[in-house]
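1. Take this sequence and fold it.
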Amino acid sequence: MLKQSLVFGIICFRERYWETITFQNLVRSYHHTIREKPSLNIVIFDNTDLTQWKENATNFQNDKIQIHYFADNKNPGISAAINYFGKFAVQNSYDWICFLDQDTNLPLDFYDKYNDFLQDNNDFEIAFPKVYSNNKLISPSGYYFYRTKIFDKLDESSIKLKNVTAINSGLFIKTNFFITKGGYNKNLKIDFCDHEFIERLNQKNYSAGIIDIRLNQDFSEETNDKKKSLFRYKMYIKDLKAYSKNKSKILLFFRVDLPHLVKLTLKYKSLHFIKLRLQNSIF
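-> Numbers count the residues shown, from 1 in each chain. Below is the predicted model:
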């Protein structure tokens, strides 16, 4: 019997976890494998900010699929969810954690590929899948002066953590390594939290394994509603302020802050974003 040493953590927001594409794909991939396998262990962190929101689905849970559900309607964000997964893994003696967003399309061999990596690779503390969006490899990617740079190709089985970053979804990490490296920055709610964590590992002689699998990330839920985008931009400003601590303010302004502001201003043909930015000091 394989050792039960892996837990999958899924972050949800305003969507029933059992209806998310990630959860459905994960369960499907688990049932698809024909090899001997331990139970599928899933922990859900629900960020839904609705007081009447209740989850009561139990039809997925059985002897082979164990689901732990936790909700916080204060919507503390991605970092809080990721750190909760880390704490849960420690308390329940899981050696590895896989972080997942609710809108990541997982292939049928997903469960097998992650278990194969766990069984066969003892040299790595962290690993990245190949994540695509619109047929472009978006993670892992280069990370230079606070901006990502897409790799033309990624054929290696590992990558040196030097000017490299990766997104949350699909990230695979040893529990002890995650905890000893301080977890995610609790002051970051949504933006920059994944980059900030990986950034702390860069230039320290670590390497990440590359899991030979393709995940597809869906960004279609990005809003085209100006009112919602203004609210979202307020959150972005707060995260950028927290992220900017001990970093070059000039580089952040010209490479991150200003380009994002210009993009929103042009997209909505509105000066409200500039007004909001001027009302909130970051640096």
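
2. which residues of the stretch 51-200 of the chain fall in helices?
-> 78-91, 110-120, 175-180, 193-201 (DSSP state H, counting those that start in this stretch).

3. Which residue is the nearest non-sequential neighbour of residue 211?
-> residue 129 (4.6 Å; CB to CB, 6 or more residues apart in numbering). For glycine as for every other residue, the C-beta is placed from the backbone atoms N, C-alpha and C.

4. now the helices of the stretch 51-200 of the chain as TSV including distance to residue 156, mean neighbour count and mean pLDDT?
-> Formatted as TSV, those follow (distance: least, CB to CB, whole Å; neighbours: other CB atoms under 10 Å; pLDDT from 0 to 100):
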stretch	distance to residue 156	mean neighbour count	mean pLDDT
helix 78-91	26	21	98
helix 110-120	14	19	92
helix 175-180	21	17	97
helix 193-201	17	20	97
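
5. okay if I get those as CSV plus distance to residue 217?
-> Listed next are these as CSV, based on distance: least, CB to CB, whole Å:
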stretch, distance to residue 217
helix 78-91, 14
helix 110-120, 14
helix 175-180, 21
helix 193-201, 12
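
6. thinking residue 172 is in contact with residue 96, fair?
-> Yes: counting by CB atoms under 8 Å, residue 172 touches residue 96, with 6.4 Å between them.

7. Quick one: closest of the helices of the stretch 51-200 of the chain to residue 17.
-> helix 78-91 (12.2 Å; CB to CB).

8. Report all helices and strands that the closest one contacts.
-> strand 6-12, strand 40-46, strand 96-101, helix 175-180, helix 193-201 (3 or more CB pairs under 8 Å, 6 or more residues apart in numbering; DSSP states H and E).

9. Residue 213 is nearest to which of these?
-> strand 96-101 (11.4 Å).

10. gap between the two ends of stretch 32-44?
-> 22 Å (CA to CA, to the nearest Å).

11. and residue 66, bridged to which residues?
-> Residues in a beta bridge with residue 66, per DSSP bridges, are residue 41.

12. which intervals of the stretch 51-200 of the chain have sub-threshold pLDDT?
-> Applying pLDDT under 70 to the stretch 51-200 of the chain flags the ranges 56-61.

13. let's go with 80 and repeat that
-> Across the stretch 51-200 of the chain, residues meeting the criterion (pLDDT under 80) sit at 53-63, 121-122.

14. So which residues of the chain form strands?
-> For the chain, applying DSSP state E gives strands covering 6-12, 40-46, 65-71, 96-101, 104-105, 126-133, 136-139, 141-144, 147-149, 158-160, 164-165, 172-174, 207-217.

15. re the thing from before, number of nearby residues for the residue nearest to residue 211?
-> 28 (other CB atoms under 10 Å).

16. Residue 213 is in contact with that one, correct?
-> Yes: counting by CB under 8 Å, residue 129 touches residue 213, with 5.0 Å between them.

17. Report the set of residues contacting both of those two.
-> residue 113 (CB atoms under 8 Å, 6 or more residues apart in numbering).

18. Quick one, which of the helices and strands packed on helix 78-91 gets closest to residue 123.
-> Residue 123 lies closest to helix 175-180 among the helices and strands packed on helix 78-91, at 12.5 Å (CB to CB).

19. May I have the closest one exported as PDB, CA atoms only?
-> Provided in PDB are the C-alpha atoms of helix 175-180 (Å, rounded to 0.1, in the frame of the first residue of the first chain):
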ATOM      1  CA  THR A 175       5.100  20.400   4.100                       C
ATOM      2  CA  ASN A 176       8.200  20.900   6.200                       C
ATOM      3  CA  PHE A 177       9.900  22.900   3.500                       C
ATOM      4  CA  PHE A 178       6.800  25.200   3.200                       C
ATOM      5  CA  ILE A 179       6.600  25.700   7.000                       C
ATOM      6  CA  THR A 180      10.300  26.300   7.500                       C
END
